[in-house]
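K.L.:
quick one: sequence plus predicted model below, questions after.
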Amino acid sequence: MALRVAVIGGGPGGLYAAALLKRLDPERDVTVWERDAPDDTFGFGVVLSDETLGGIEHADPDVYRALRREFVRWDDIDIVHRGRLLTSGGHGFAALGRHRLLEILHARCTELGVRLRFRAEAPPAAELAMAYDLVIAADGIHSRTRDAHADVFRPRLTAHRCRYIWLAADFAFDAFRFDIAETEHGVLQLHGYPYARPSPDLRPRSHSGASTVIVETREEVWRAAGFDELSTDESVARCAKIFSEALRGRPLRSNNSTWTTFRTVVNDRWSHGNIVLLGDAAHTAHFSIGSGTKLAVEDALALAACVEEQPSLDRALQAYETERRPVVESTQRAAAASLRWFEELAGYVDQPPRRFAFNLLTRSRRVTHDNLRLRDPGFTGAVERDFGCPPGTPPMFTPFRLRGLTLRNRVVVSPMDMYSAVDGVPGDFHLVHLGARALGGAGLVMTEMVCVSPEGRITPGCAGLYTREQAAAWRRITEFTHTRSPSTAIGVQLGHSGRKGSTKLMWEGMDQPLDEGNWPVVAASPLPYRPGVNQTPHTLDRAGLRAVREQFVRAARHAAEADFDLLELHCAHGYLLSGFLSPLTNHRTDAYGGPLQNRLRYPLEVFDAVREVWPDDRPMTVRVSATDWAPGGTTADDAVEIARAFTAHGADALDISTGQVVADEQPEYGRSYQTPYADRIRNALGVPVIAVGAISSWDDVNSLLLAGRADLCALARPHLYDPHWTLHAAADQSYTGPAAPWPSPYRAGSRKPPTGRTDAPKPRLTLRGP
């Protein structure tokens, strides 16, 4: 028996799902409810990717042909920065008017026999679910269906910091355009793209084409500019005046437009019985990386295919979510990165024009240095020259100076705890581990966190620098590095475990207390890392603070004797000094607790004491957790002030990590997920930063450097997978210069070895005609 399908919402996603389900089985009974009239719509143009269009062409060639006749296509992105126009080509976009898209889908649904009920409020989804086999809730970001069944879908809506308004101009931009306006109230940005071609006839609003124009700005700028007190018409006129040059003096128009705040929608589940969410009802992604219509249309394609392919409706809805969720989550991560970039736009406007443009183009991390070089080698080459890349030299292989130390390239082997020392003494394992990575091409190799006292160890396997024996063992490693890889620098990271100490080796039970032989732990406040699991630390009194500070000083002296090139103070990840910085772990009421300036006091005292004994020509860096990923913890604004304080005390660079401060953190993992925090500190303060966290490819490193988001990039797991990661990155980019020298015994292997033949000559298998 054919399915009976009810669709709530007559937007593009709901209409296309209805059309596809009916096309795949004409016997299906499909009805769409839409509360508005057929010609009512919000917004103006929509953008679809070539990938989405390919899916439409395969699923319904008739719809594809109708869309193809309407599309405006272009390749360029124009970026206007302080009056200077920069253009990057090779991107490829297609757009059409939303109204025309709906007309095409209305016609297709009518042709296929879908019932369209306009100006009709759909019955509640629960009621429809009793009369229909499948209920598709395509009822938008304000979905009543989602709200009615929130206990099942478990939605989370996150409001962001910018206001925007969706408008149109009655002419066609030549490209996708980003225009930045710096006003007395703050920065506003225009996102614009064409969606209708110039027409030879004289119909109003069509003879010169049409463009979507979105004006966006931070909430505080919006209020300072008085937009909160203006009518829609007054707001539209003000926007047209601000961006008069981009608009060529022409007006803007609205379509029931209002200033609004973008909300990211996430649902734990997308289906409930025979009810399924689609499009904005299920998920949203910021408009700066594309169209919500694109996601909705892709949802419709996947849902229709799964209903057709699976043996039951339950299996179909499970398959739909399984297929679409990873795609949507990837898009949402990219959209979040783009959204945050625009939220922090004021921090980038002082960048040189081409760097600013490159930063904007790569903001979502989906466009990178390597693929932008393929799209527009001229533009990318100019950005590289501005950065200081000699011909044939990738950005990652340019030198960088910290105090008296010049690093040959921008790659850092990130500190990684090995838990393989005996009584704090690094042994042959450390020599091989760090020595291999020193030979592997990185500009700087960092030790694991080296503990300043036996009680300051995380585990019994942690290395230390609190005895002469340990210092001598480290000297063996630095001598190997300086002798066998003389242009590689080696740095030491000093730290104290604080409340996270006295635990098992990572592979025996991470953060689990020892079965026996536990030592007492100390912290800023008597708060266990995990109540009921880890021991409650002793609160450090003034005598204890002095004693620990002197332990850091002693370790720093040993580090200098061991001939390390750089020293990093570990103030991150919930260890002792980090525990003073975070309000979640510092509940003190004395001079070392309370406001941030007090919480900074002890870490700065330790920094000053270490800096005093550390050789003046050798740089000193600080690793911090820029957010705790937990409510009430360290914020990005706090991180800027923490970085500012350490810089004022003489830190040569900030190593920006996040989290690991509290056990119930909720990190937002993803590719390069911590780099926005490094980016913000660098551009807010103009200080060197080391970016770290899920940076895995040389393309990511080059992109981050060129965009001005980092000065150095630290990679951990990639160097576990491949100790010669940097040398192999050089080989992959055909770089053979001085910033990535192969050790003499390894030079014969400096080219990638051949694998199984895939390029062998092929025999002729067809006859060519005369």
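P.N.:
Received it, and whenever you're ready, just let me know what you need. Numbering: from 1, shown residues only.
K.L.:
so where is the stretch 51-200 of the chain shaky, pLDDT-wise?
P.N.:
Applying pLDDT under 70 to the stretch 51-200 of the chain flags residues 199-200.
K.L.:
go on, the stretch 451-600 of the chain?
P.N.:
Residues of the stretch 451-600 of the chain that meet the cut-off, pLDDT under 70, do not exist.
K.L.:
all strands of it, in order?
P.N.:
Here the stretch 451-600 of the chain has its strands, by DSSP state E, counting those that start in this stretch, at 489-495, 522-523, 538-539, 566-571.
K.L.:
tabulate these in a markdown table, adding columns for distance to Ile165 and mean neighbour count.
P.N.:
C-beta coordinates here come from the backbone N, C-alpha and C atoms, glycine included. Output for the strands of the stretch 451-600 of the chain, formatted as a markdown table (distance: least, CB to CB, whole Å; neighbours: other CB atoms under 10 Å):
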| stretch | distance to Ile165 | mean neighbour count |
| --- | --- | --- |
| strand 489-495 | 48 | 26 |
| strand 522-523 | 49 | 25 |
| strand 538-539 | 53 | 14 |
| strand 566-571 | 42 | 26 |
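K.L.:
list the buried residues for the strand ranked longest in the chain?
P.N.:
Looking across the chain with DSSP state E, the single longest strand is strand 155-169. Of all the residues in strand 155-169, those buried under the rule 16 or more other CB atoms under 10 Å are 155, 160, 162-169.
K.L.:
nearest to Arg253, of these?
P.N.:
When the buried residues of strand 155-169 are compared for distance to Arg253 (CB to CB), Ala168 comes out closest, at 5.4 Å.
K.L.:
from Tyr673, how far out is the closest one?
P.N.:
To Tyr673, Ala168 is 36 Å away according to CB to CB, to the nearest Å.
K.L.:
Leu434 now?
P.N.:
Distance, Leu434 to Tyr673, by CB to CB: 27 Å.
K.L.:
more neighbours: which of the two?
P.N.:
With neighbours defined as other CB atoms under 10 Å, Leu434 and Tyr673 compare such that Leu434 has more, 25 against 18.
K.L.:
need the strands of the stretch 451-600 of the chain in CSV (columns: distance to Val307).
P.N.:
Listed next are the strands of the stretch 451-600 of the chain as CSV, based on distance: least, CB to CB, whole Å:
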stretch, distance to Val307
strand 489-495, 55
strand 522-523, 56
strand 538-539, 61
strand 566-571, 54
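K.L.:
so which of the ones you listed gets nearest Arg747?
P.N.:
Nearest to Arg747 among the strands of the stretch 451-600 of the chain is strand 489-495 (21.9 Å), distances taken as CB to CB.
K.L.:
quick one: the closest one to strand 566-571, angle?
P.N.:
If you take axes from the mean of the first three to the mean of the last three CA atoms, to 10 degrees, strand 489-495 sits at 30 degrees to strand 566-571.
K.L.:
what's the closest of the buried residues of strand 155-169 to Pro194?
P.N.:
Ala169 (9.4 Å).
K.L.:
name every strand pairing with the longest strand of the chain and say which way it goes.
P.N.:
Strand 155-169 has the following strand partners under DSSP bridges: strand 210-218 (antiparallel), strand 252-253 (antiparallel), strand 260-267 (antiparallel).
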